[in-house]
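In: for reference, the sequence and a predicted model appear below.
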Amino acid sequence: MALLEVNHLSISFGGLRAVDDLSFSIEKGELYGLIGPNGAGKTTVFNLLTGVYSPTEGIIKLGDTDITGKKTIDINKEGIARTFQNIRLFGKMSVIDNVKVALNNSSEFYYGSLHGILHTPKYHRIEKALEKRALELLEVFDLDKERDVLASNLPYGKQRKLEIARAMATEPKLLLLDEPAAGMNPNETAELMNTISLIRSKFGMTILLIEHDMKLVSGICERLTVLNFGKVLKQGETKTVLNDPEVIKAYIGE
Amino acid sequence: MSMNFLTYLISGISLGSIYAIIALGYTMVYGIAKMLNFAHGDFIMVGCYVVFTIMGMFNGSAVGKIAGVFVAIIVCTLVGVITEKIAYKPLRGASSPLAVLITAIGVSYLLENAALLIFGSDPKSFTSVVPWEGVAVKGLKIQGVTIVTIVVSVIVLVVLQLFVHKTREGQAMLCVAQDKGAAMLMGINVNKTITITFAIGSALAAIAGALQCSAYPALTPYTGAMPGIKAFVAAVLGGIGSIPGAMIGGIVLGVIEILSRSYISSQLADAIVFGVLIIVLLVKPTGILGKNIQEKV
């Protein structure tokens, strides 16, 4: 059974149909790619999936749950987390605090505010558990040494990693990565590819990836959807799709 | 140092503490909801009338004083939360930040005129909620309400800092202050966080109101207006969005006001206060602690 099922999804902004009749499904554990030229509507798809926009038409299902038009916070609780094209960490907070604040979706990490103000044993116990869980995540991403560094002071590649770690902290079923390789040098891109395969092998995470970097896409995605002007240009196995003349034309021109 | 100077300094700190408690409400709401709640001063007035009414019902007894402050905190919290829900939340996505600013001014007039309708325009004589004479040390007489005000403001600051840095809700506030959208996508309940912010700010307004009317006992529907504006000045002076900044800004403002009233001219005191604001903003536009981004909420 598919983890994410998108059926005939469309959204219009005034007269512009930013996403037009998009359908695809992602199997559990799969790494699915969403590619397309600039302005094709890729990030709009992410905004639809995460409830930032409500679709004009269509249905989005996560597992058995219909999440179409649900609120962002509820969709996150259902199990979709994301990173951003332009990094949006909480820059004025430490690395570990960025992860801790995202550990929201499990009630074991909640204590009433009075416990915090009075530093009760419950506060200490839960804070310790929170820190342990956050550190475990940071270790996976090799960020545990920078735990107390301000997020905005991290080098670029590590900020990307921290964004993924923060998204993972919400314990998602599906992780959306919005151009994770944007602005990265080849070394950082290679490291990112390692990180992505690591979260797949370690957490069995299902990932939907938006990407421009063809090398990254062809290296790790199993299946693809190519968007152009909001419409599906091609869908299927990565190799077949990337060698399709129409796709090449949309990307490189005649 | 002369005895007079010490007396003025202490009453300046006390007045400044009231400004600080009000400024905390301004600054938190600004930091998190990114809006200036110009009705905040009128929440103070609402709190004062509630205390006044309840104290009247208990004939000024000690029980009445405690109940009055308690009920005022609840009423102001409700007024703040309901105002946010009805008047501000629908405008949160508005294209211009002016929409919500104008609405806040509207709420301010609404509250003032509602008070005018219910209580009339003649000043009510407010009995102090602090039934303590105070202390006299070597001829230096300090009123009870002055001491209580300073102590309360220190407690408020400490508890608020603990709340922001040591609770899950407080950490959520820091996130919402930095990036509402990202916070939402990380499972942080942004609406709840903004509601909590308004609740805290409004509860503080009630406390400030009770203290302010105890020190300056004439209560009218416009009682909250001037302290509200001065607290706003204090928040900007300290660096808007910063909790310690609001505290420092408030106290600096209170001391300047009392000293200029005592040594220069009581008519010119307010002009001097606002003059200081202009000078500080010319020299350091982000306010005294404006750079202290760590403490922003």
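Out: Sure, I can see it. Numbering: from 1, shown residues only, chains lettered A, B, ... in the order given.

In: ok, for A:Leu227, nearest residue in space, not its chain neighbours?
Out: Nearest residue to A:Leu227, sequence neighbours excluded (CB to CB, 6 or more residues apart in numbering or on different chains): A:Gly36, at 3.6 Å. In this view, the C-beta of every residue, glycine as well, is placed from N, C-alpha and C.

In: shouldn't the one you found be in contact with A:Gly230?
Out: No: the pair A:Gly36 and A:Gly230 fails to qualify as a contact (CB atoms under 8 Å) at a distance of 9.1 Å.

In: for the residue nearest to A:Leu227, give me phi and psi.
Out: Main-chain torsions, A:Gly36, degrees, to the nearest 10: phi 160, psi 160.

In: roughly how far does it sit from chain B?
Out: 22 Å (CB to the nearest CB, to the nearest Å).

In: ok, A:Gly36 and A:Gly230, which is more surrounded?
Out: Neighbours per residue (other CB atoms under 10 Å in any protein chain shown) separate A:Gly36 from A:Gly230, with A:Gly36 holding more: 25 against 22.

In: could you check the pLDDT of that one?
Out: Looking at A:Gly36, its pLDDT reads 87.

In: and it, what does it touch?
Out: The neighbourhood of A:Gly36, defined by CB atoms under 8 Å, 6 or more residues apart in numbering or on different chains, consists of A:Lys42, A:Val226, A:Leu227, A:Asn228, A:Leu233, A:Ala250.

In: for A:Gly33, same thing?
Out: A:Gly33 neighbours (CB under 8 Å, 6+ apart): A:Leu208, A:Leu209, A:Ile210, A:Glu211, A:Val217, A:Cys221, A:Arg223, A:Leu224, A:Thr225, A:Thr238.

In: what does A:Arg88 give?
Out: A:Glu163, B:Asp179, B:Gly181, B:Ala182.

In: pop out the phi and psi values for it.
Out: phi -130, psi 60.

In: by contact count, what packs against the longest helix that chain B contains?
Out: Using DSSP state H, we find that the single longest helix of chain B is helix B:3-33. Counting contacts by 3 or more CB pairs under 8 Å, 6 or more residues apart in numbering or on different chains; DSSP states H and E, helix B:3-33 packs against helix B:40-57, strand B:140-143, helix B:144-166, helix B:168-178, helix B:190-215, helix B:225-238, helix B:243-259.

In: quick one: buried residues of it?
Out: B:7-33 (16 or more other CB atoms under 10 Å in any protein chain shown).

In: B:Thr149 versus the residue nearest to A:Leu227, what's the distance?
Out: Separation of A:Gly36 from B:Thr149 (CB to CB, to the nearest Å): 63 Å.

In: B:Tyr222 now?
Out: 21 Å.

In: now chain A against chain B: closest residue?
Out: The nearest approach of chain A to chain B comes at A:Gly116, 3.4 Å away (CB to the nearest CB).

In: give me the number of neighbouring residues for the closest residue to that residue other than its chain neighbours.
Out: Among residues not flanking A:Gly116 along the chain, B:Thr167 sits closest, at 3.4 Å (CB to CB, 6+ apart). By other CB under 10 Å, 19 other residues sit near B:Thr167.

In: for B:Thr167, which residues are in contact?
Out: By CB under 8 Å, 6+ apart, the neighbours of B:Thr167 are A:Tyr111, A:Ser113, A:His115, A:Gly116, A:Ile117.

In: let me see the backbone angles for it.
Out: phi -130, psi 160.

In: hmm, back to that, and the contacts of A:Arg88, which of them are buried?
Out: The buried subset of those (16+ other CB under 10 Å) comprises A:Glu163, B:Asp179, B:Ala182.

In: go ahead and confirm the second one touches A:Phe90.
Out: Same thing as B:Asp179. Yes: using CB under 8 Å, B:Asp179 is in contact with A:Phe90, at 6.6 Å.

In: that's a strand at A:Ser23, yeah?
Out: Yes: secondary structure assignment places A:Ser23 in a strand (DSSP: H, G, I helix; E, B strand; the rest coil).

In: my guess is it contacts A:Leu4. True?
Out: No: the criterion here is CB under 8 Å, and A:Ser23 misses it with A:Leu4 at 11.3 Å.

In: who's more crowded, those two?
Out: Using other CB under 10 Å, the more surrounded residue of A:Ser23 and A:Leu4 is A:Leu4, with 24 against 14.

In: is that one in a helix, a strand, or coil?
Out: From three-state DSSP, the assignment for A:Leu4 is strand.

In: quick check: it vs A:Thr72, distance?
Out: To A:Thr72, A:Leu4 is 16 Å away according to CB to CB.

In: now do B:Val151
Out: 43 Å.

In: also B:Met226?
Out: 41 Å.

In: higher neighbour count, these two?
Out: Neighbours around B:Met226 and A:Thr72, counted as other CB under 10 Å, are more numerous at A:Thr72. The numbers are 21 against 11.
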